[in-house]
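Novice: Quick one: sequence plus predicted model below, questions after.
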Amino acid sequence: MNNNFIIESSPHLHHPDSTSRIMLDVIIALIPAGIWGVFVFGVKALIVIAVSIIGAVLGEYIMCKVFKKFTLTDYSAVLTGLLVGYNMPPAVPLFVPFLASLFAMLVVKWAFGGLGCNWMNPALGGRLFVFFSWTGYMTKWTAPCTNFATIDAVGGASPLGFVKTGMMDFSGSVSGPIEYMKQAGYEVGYLDLFLGNVSGCIGEVSALLLILGGIYLLYRKVITWEIPGAYLITFALFTWVFGGLKFTHSFFTGDVLFNLLSGGLMLGAIYMATDMVTTPLSSKGQIIFGIGCGFLTFLIRFYGSFPEGVSLAIVLMNIAVPLIDRFSKTRVFGVEPVKKGAKK
């Protein structure tokens, strides 16, 4: 049986864009966030992104030779490398993003047959591979080097990491993470988080530019609202209800804005959770997928060992996609489902 095309039941809508056009649109949407990352973290950030792209393209080239195909012109390797680079700390040794991109292409993508056959987002697979292999390098942050930076004194700790580590031994009561950080000498506000004047991975710090890129992708109909919408709303809801317990010891006091703007949530929800290959086929399934991503991200962030849970949450939901598709696929018009035990 030929599995090159696994699609939903009719009716079908023709999408005029080619794979390369879709990949280019996503790359265009991501470029402003990358430029900002280079601006606030310096030339080293640009080198990390470049090495990530080189590793991905090299991996794609090797597998093209092995499988006697040529897919370099669809720009999927460039996009994967770009996303790997965006998920790297600015000061990471260069072998880390290079190996992450190679792993993403050789193992996550091509081991399952190439584009369209992988069950996991390649960039996330590469990031998780190096995160668990070289955790020290992947959690060493750089303070932004803008003239208006205010956090040099704390050595560039990411907001999520600073709060997660500090709250382990905190027994007092504060209104939320922003007040806690101010008391500890970490002067970061909502505007810093929104614009990207904070420590973090290269391409994730500017929520503003990531959101603008997402609006562009919605306009171009490269992505739809279901996954990012369900993801962010679910995460926000759980954060509001349970996220304030560590600070105020009360329900419905969580700082939604801080948690939405911090870490890799916007990058993950808009650009990686929406990967066409590794997400459900139906609109209903995509909403379920987004809800699962939001809940798991909340669970890992607030009750897990790591301050961030976006990558792991999306990959775990990637695993659940076949099950989601099974229970959410569109019924074929005019065909009744066969009941168990019924005569044929």
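Specialist: In hand now; what should we look at? Since the structure is predicted, the reported quantities are computational estimates derived from the model, not experimental observations. Numbers count the residues shown, from 1 in each chain.
Novice: tally of neighbours for residue 111?
Specialist: 12 (other CB atoms under 10 Å). C-beta coordinates here come from the backbone N, C-alpha and C atoms, glycine included.
Novice: I meant residue 90, not that one.
Specialist: Residues lying near residue 90 (other CB under 10 Å) number 28.
Novice: show me what contacts it?
Specialist: Contacts for residue 90 were tallied using CB atoms under 8 Å, 6 or more residues apart in numbering; they are 37, 41, 42, 44, 45, 48, 141, 142, 202.
Novice: please redo it, this time with the cut-off set to 6 Å
Specialist: 41, 44, 45, 142, 202 (CB atoms under 6 Å, 6 or more residues apart in numbering).
Novice: Buried among those? Make that a PyMOL selection.
Specialist: Remark: buried members of the contacts of residue 90, expressed as a PyMOL selection using 16 or more other CB atoms under 10 Å:
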select buried, resi 41+45+142+202
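Novice: got JSON lines for the contacts of residue 90, with distance to residue 307 too?
Specialist: Shown next, in JSON lines, are the contacts of residue 90 (distance: CB to CB, whole Å):
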{"residue": "41", "distance to residue 307": "19"}
{"residue": "44", "distance to residue 307": "23"}
{"residue": "45", "distance to residue 307": "21"}
{"residue": "142", "distance to residue 307": "16"}
{"residue": "202", "distance to residue 307": "17"}
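Novice: and the contacts of residue 90, which of them are in helices?
Specialist: Among the contacts of residue 90, the members falling in helices (DSSP state H) are 41, 44, 45.
Novice: buried set for the helix-or-strand element of the chain with minimal mean pLDDT?
Specialist: Sorting the helices and strands of the chain by mean pLDDT, DSSP states H and E puts helix 159-167 at the bottom, at a mean of 85. Buried residues in helix 159-167, counted by 16+ other CB under 10 Å: 159, 160, 161, 162, 163, 164, 166, 167.
Novice: How about stretch 44-53?
Specialist: Neighbour count says stretch 44-53 has 45, 46, 48, 49, 51, 52, 53 buried, by 16+ other CB under 10 Å.
Novice: out of the ones in helices among the contacts of residue 90, which one sits closest to residue 238?
Specialist: Residue 238 has its nearest neighbour among the ones in helices among the contacts of residue 90 in residue 41, at 31.0 Å by CB to CB.
Novice: ok, the closest residue to the closest one other than its chain neighbours to residue 205 distance?
Specialist: Closest residue in space to residue 41, ignoring its immediate chain neighbours: residue 90 at 3.8 Å, by CB to CB, 6 or more residues apart in numbering. If you measure residue 90 against residue 205 using CB to CB, to the nearest Å, the figure is 10 Å.
Novice: Just the mean pLDDT for stretch 274-284, thanks.
Specialist: Averaged across stretch 274-284, the pLDDT comes to 94.
Novice: go on, stretch 184-204?
Specialist: Here the average pLDDT along stretch 184-204 is 92.
Novice: Ok, stretch 85-99 next?
Specialist: Averaging pLDDT along stretch 85-99 gives 97.
Novice: likewise stretch 23-36?
Specialist: The average pLDDT within stretch 23-36 is 97.
Novice: List the contacts of it.
Specialist: Looking at what lies outside stretch 23-36 - CB under 6 Å, 6+ apart - the contacts are 75-76, 79, 82, 196, 203, 206, 209-210, 213, 216-217, 220, 222.
Novice: what's the answer for stretch 115-123, then?
Specialist: 76, 80, 83-84, 104, 108-109, 112, 272, 275, 277-278, 315, 318.
Novice: got the residues you listed as a markdown table, with secondary structure and distance to residue 60 columns?
Specialist: Formatted as a markdown table, the contacts of stretch 115-123 follow (DSSP: H, G, I helix; E, B strand; the rest coil; distance: CB to CB, whole Å):
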| residue | secondary structure | distance to residue 60 |
| --- | --- | --- |
| 76 | helix | 8 |
| 80 | helix | 8 |
| 83 | helix | 14 |
| 84 | helix | 13 |
| 104 | helix | 10 |
| 108 | helix | 12 |
| 109 | helix | 8 |
| 112 | helix | 14 |
| 272 | helix | 18 |
| 275 | coil | 16 |
| 277 | coil | 15 |
| 278 | coil | 18 |
| 315 | helix | 21 |
| 318 | helix | 20 |
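Novice: Can you give me the neighbour number for the residue lying closest to residue 69 once chain neighbours are set aside?
Specialist: Spatial nearest neighbour of residue 69, excluding adjacent residues (CB to CB, 6+ apart): residue 114 at 7.1 Å. The number of residues packed near residue 114 is 17, by other CB under 10 Å.
Novice: With the one 3 residues further on instead?
Specialist: As a burial measure, the neighbour count of residue 117 was computed by other CB under 10 Å and equals 14.
Novice: what do you get for the one 4 residues further on?
Specialist: Close neighbours of residue 121, defined as other CB under 10 Å, add up to 28.
Novice: And it, its phi and psi?
Specialist: Here is the backbone geometry of residue 121 (degrees, to the nearest 10): phi -60, psi 120.
Novice: How much space separates it from residue 267?
Specialist: Following CB to CB, the distance that separates residue 121 from residue 267 is 12 Å.
Novice: who's in contact with residue 261?
Specialist: 193, 194, 207 are the contacts of residue 261 under CB under 6 Å, 6+ apart.
Novice: Many thanks, have a good one.
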